[in-house]
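> What follows is a predicted structure for the sequence shown.
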Amino acid sequence: MSPPAEQAPLSGRQPKAVRNALAVLEEVVAAGPGVTAKEISAALKLPPATTYRLLNLLVGEEYLVRLPDLRGFALGRRAGRLTVPVASGPPAAARAVVERLRQRVRWGVHLASYQSGRVELVDADPDHPPSDGALLARYPHASALGKLLLADQAEWRAMVRDLRPFTTATITEAGRLETELADVARTGLARQCGELYPGRGCLAVAIRDVVHGTLVAGLAVSGPTERVAEPNPDLLALVREHADQLAPLLA
Amino acid sequence: MSRASGYRGAVAVRRESPMSGLDRRNLGPLQVFAQSISGAAPSAAMAAAPAVAAATAGGAVLWSFVAATVLALLIGVCVAQFTRRMAAAGSLYSLTAKGLGPVAAFAAGWALLIGYGLLAMAALVGAGTYVHDVLRRMGLSPGWGAVAGTVVVLGVLATVLTVRGVRLSAKVVLVTEALSISALLVVFGLLLARVAPELGFTPFTTEEGLGGVAGAVLPALGAFVGFEAAASFGVEARRPFQSVPRAVQWTAALCGVLYLVAAYTQAAGLSQLPGGLAGQPEPMSTLAELEGLPWLPYVLDAGIAASFFACTMATSSALVRVLLSMGREGIVPRRLGTTHPRYRTPHVAILLVLPAATLLPVVLLAAGVSTRELFVALLNIAVFGYLIAYLLVCAAAPVFLHRIGELTRGALAASVVVAPVLLAVLVLFTVNNADGPYPLAFTLLLAAGLAWYAWVRARRPRQLAGIGIYDETSASDLLGGRP
């Protein structure tokens, strides 16, 4: 009694539909947010019914969103996945702040950007190489920097493909992760104790845009599991102090 | 809920959805589908509706179900015009607002509250009646106490489950409805296998003429009522723009098939008896006896009682979400618009509505109203409410599409066909129920609705104008996070 799965693999025999869908996406980018279905249909010389169907499909898939007037369209968050993140390093002033923290603590210090909608290491500690960047981007549930990002999402489930276990400590139940993310959202601090590699852990604090308050980056310190698990009030104060200094430099 | 700065100079985007607090985007497609199926409660209708329709349509009963299925599918098309574009919790109430504006939406909201509320009560009484029947078949002689007891137990259970989270209640609804439909399919499969060999029966006669078919469309359509329940779960569905319209459409189609099978089985099986299907007060028990399957009614009654329970859950869940939307808009007290911080359900609305829906039938039963009369009266008035809401949403669909500049010929055609038919059915329904308690009940409900409208209009004109709240795109849904 389930509705039929329309997720049947594309046979490749609808090149026109695919081309039209991409053209519609492109037109929304070109025309800017607020463009209406009629305008898109006219600009692409597509039949209105086809345009509406494609638009509804793209909205259903969350590449596009309907604006609150229900007429206009804009790019949805998911469209961000279509771009290859441009690795633009942080400004020199920000690097200097990170470097200063590295000299004051005996932990690995890493800076990650969330501008592209995923974890992207932009200043990794050369003396304490962090986990593989692709791994962090792909499995945000298993890292402190990833949890900061997930905790900031309205629907974190949309970003997590599977709760893959890396060690016995990895959180694999959605309910437990949900509780932990609520804590992270409240405190602005994420912790990971041997959840990606046994014996290695991480603490990460959020860096928010000073004007809009959106999450822009995360500052993490990594070290042995047992030390991450400690309360570390002095270390935390130090990391938070540097994160505050970074905020105006990264927006 | 502050409005962010202008978007392209025109459209403002909120920082947070006005429907925040619900368990957003967390229900799978099957669970959404189960809400609609349970709202329509096909198991109960399979057993009872064909005989009611046959009373008017005679041998043409199958035609009337074909017509009702087409009608339900067209209503589904109209509802889908909205649900593919906006994710609402207020069901047809919030949808109508986007096409016909606040006054029509208010009318749809009132009709829907009556429809949902009375159907939830009717389903509780129905579950009680069938549990009572099982006990009676076992040789016990329970009085109305058994019905009232079942109503109370199931009412409390439904309250707890719906408060404790939409995922939990959706799971219960799904499992209960699946069991119920399976039981009914076994029953009808067995009967059909025995009935089929003696085919001296032509299913699609038109001896009663078009008039008979048209008259029987009403009870046949009544069997579909509640199939739009998924439209209340737009906020909570994982992919609302796909799963909600699909759930409504598929429910109409599936129920149509089930009813045709049921109508055929009963009409064919009872065609030898004097009066045929129309002459039977309890067609299913008679049929089971006729075919030498005395244990069948037990399975049937248990299946139907389960279906009624699922129906109570689905309709009351839809009802409280309408109230939640109204509470957030300020049309009803704002407290009703609050959600539980942990379970993320509209707990205030649930704790107001479900105990009331449980106690009212119990009080009426205690006052000496017969269970059958109570059930039929509740159901009839509920159907009336639903039909009004369906009519309004179907009329609203093309207006809405025109407003956003996306009107197509197909969508317009669906509305143009279905709205006059629904209007005719409504008129017929009013005429049919011109006796008994109905004129008084309708007058009272209409007066209450008008009084409420007058109050809202006088005291809260701004809130009235703002009807039509839904889970609109907020800053966090946009690429880049802000305009």
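Okay, I see it.
> secondary structure class for the residue lying closest to residue B:422 once chain neighbours are set aside?
In this structure, residue B:422 finds its nearest non-sequential neighbour in residue B:391, 4.4 Å apart by C-beta to C-beta, 6 or more residues apart in numbering or on different chains. To be clear about C-beta, it is placed using only N, CA and C from the backbone, and glycine gets the same treatment. The assignment at residue B:391 comes out as helix when based on DSSP: H, G, I helix; E, B strand; the rest coil.
> Am I right that residue B:391 is in contact with residue B:421?
No. Assessed by C-beta atoms under 8 Å, residue B:391 is found out of contact with residue B:421, at 9.5 Å.
> Those two - which one has more neighbours?
Each of residue B:391 and residue B:421 has its neighbours counted (other C-beta atoms under 10 Å in any protein chain shown); residue B:391 has more, 23 against 19.
> Please give me every residue in contact with the more buried one.
Applying C-beta atoms under 8 Å, 6 or more residues apart in numbering or on different chains to residue B:391 gives the contacts B:419, B:422, B:423, B:426.
> how close does the second one sit to residue B:388?
It refers to residue B:422. 9 Å (C-beta to C-beta, to the nearest Å).
> What's the first helix or strand after the lowest-mean-pLDDT helix or strand in chain A?
Ranking every helix and strand in chain A by mean pLDDT, DSSP states H and E puts helix A:133-138 at the bottom, with a mean of 82. Next helix or strand after helix A:133-138 toward the C-terminus (DSSP states H and E): helix A:144-151.
> now that next one: mean pLDDT?
The average pLDDT within helix A:144-151 is 92.
> and if you look at stretch B:147-159?
95.
> Comparing residue B:422 and residue B:388, which residue is more hemmed in?
Taking neighbours as other C-beta under 10 Å, residue B:422 and residue B:388 compare with residue B:422 leading, 23 against 20.
> a helix runs through the more buried one, doesn't it?
Yes. Under three-state DSSP, residue B:422 sits within a helix.
> any idea how far it is from residue A:183?
Counting by C-beta to C-beta, the gap from residue B:422 to residue A:183 is 52 Å.
> May I see the ChimeraX selection of the buried members of the contacts of residue B:391?
Typed into ChimeraX, the line below selects the buried ones among the contacts of residue B:391, using 16 or more other C-beta atoms under 10 Å in any protein chain shown:
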select /B:419,422,426
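> can you put the contacts of residue B:391 in CSV and add distance to residue B:313 and pLDDT?
What follows is these, written out as CSV (distance: C-beta to C-beta, whole Å; pLDDT from 0 to 100):
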residue, distance to residue B:313, pLDDT
B:419, 31, 95
B:422, 27, 93
B:423, 31, 93
B:426, 28, 88
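> List just the nearest of the contacts of residue B:391 to residue A:57.
residue B:419 (27.5 Å; C-beta to C-beta).
> surely the closest one meets residue B:393?
No. Here residue B:419 does not reach residue B:393: they are 9.8 Å apart, not a contact under C-beta under 8 Å.
> Can you tell me, leaving aside adjacent residues, what's nearest to residue B:144?
Nearest non-adjacent residue to residue B:144, counting by C-beta to C-beta, 6+ apart: residue B:365, 4.9 Å away.
> how about the helix or strand hosting that neighbour: buried residues?
Assigning secondary structure by DSSP H and E places residue B:365 in helix B:347-366. For helix B:347-366, burial by neighbour count (16+ other C-beta under 10 Å) applies to B:347-350, B:352-354, B:357-358, B:360-362, B:364-365.
> Residue nearest the middle of chain B, spatially speaking?
Chain B has residue B:226 as the residue nearest its centroid, 1.2 Å off, counting by C-alpha atoms, centre = their mean.
> For that one, what are phi and psi?
phi 100, psi -10 (degrees, to the nearest 10).
> Which helix or strand contains whatever residue of the stretch 101-250 of chain B ends up closest to chain A?
Proximity of the stretch 101-250 of chain B to chain A (C-beta to the nearest C-beta) peaks at residue B:241, 4.0 Å away. Residue B:241 belongs to helix B:240-269 when elements are defined using DSSP H and E.
> one step back: hmm, residue B:316 and the residue nearest to the centre of chain B touching each other?
No. Applying C-beta under 8 Å, one finds residue B:226 not in contact with residue B:316, separated by 11.3 Å.
> what about the stretch 151-251 of chain A, any weak spots by pLDDT?
Across the stretch 151-251 of chain A, the ranges flagged by pLDDT under 70 are A:251.
> so what's residue B:135 up against?
Residue B:135 is in contact with B:142, B:146, counting by C-beta under 8 Å, 6+ apart.
> re earlier: any idea which helix or strand comes after the helix holding residue B:241?
Past helix B:240-269, further along toward the C-terminus, the next helix or strand under DSSP H and E is helix B:283-290.
> Would you map the strands across the chain?
Went with chain A since none was named. Applying DSSP state E to chain A gives strands spanning A:35-36, A:64-66, A:72-75, A:108-113, A:120-123, A:189-193, A:200-208, A:215-224.
> you looked at the wrong chain, it should be chain B
Going by DSSP E, chain B shows strands at B:3-7, B:11-14.
> Send me the shortest one as PDB with only the CA atoms.
In PDB, the C-alpha atoms belonging to strand B:11-14 read as follows (Å, rounded to 0.1, in the frame of the first residue of the first chain):
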ATOM      1  CA  VAL B  11       9.300  40.000  -0.700                       C
ATOM      2  CA  ALA B  12      10.400  39.900   2.900                       C
ATOM      3  CA  VAL B  13      11.800  36.600   4.200                       C
ATOM      4  CA  ARG B  14      11.400  35.700   7.900                       C
END
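> same for it, what does it pack against?
Helices and strands touching strand B:11-14, by 3 or more C-beta pairs under 8 Å, 6 or more residues apart in numbering or on different chains; DSSP states H and E, are strand B:3-7.
> mean confidence for the strand it packs on?
37.
> Look up the closest residue to residue B:111, ignoring the ones flanking it.
In space, and not counting its chain neighbours, residue B:111 is closest to residue B:388: 3.9 Å by C-beta to C-beta, 6+ apart.
> so how far is residue B:102 from that neighbour?
Residue B:388 is 16 Å from residue B:102, by C-beta to C-beta.
> Okay, now the unreliable bits of chain B?
Ranges of chain B meeting pLDDT under 70: B:1-11, B:196-211, B:275, B:279, B:480-483.
> Which helix in it has the most residues?
As assigned by DSSP state H, the longest helix anywhere in chain B is helix B:91-137.
> what's the angle from that helix to helix B:283-290?
Interaxial angle, helix B:91-137 versus helix B:283-290 (axes from the mean of the first three to the mean of the last three C-alpha atoms, to 10 degrees): 40 degrees.
> Around chain A, pick out the residues from the stretch 251-400 of chain B.
For the stretch 251-400 of chain B, the contact set with chain A under C-beta under 8 Å from any C-beta of the partner chain comprises residue B:254.
> follow-up on the earlier one: hmm, residue B:82 and the residue of the stretch 101-250 of chain B closest to chain A touching each other?
No. In terms of C-beta under 8 Å, residue B:241 does not count as a neighbour of residue B:82; the distance is 10.4 Å.
> Neighbour count for the two, which is higher?
More crowded of residue B:241 and residue B:82, by other C-beta under 10 Å: residue B:82, with 28 against 23.
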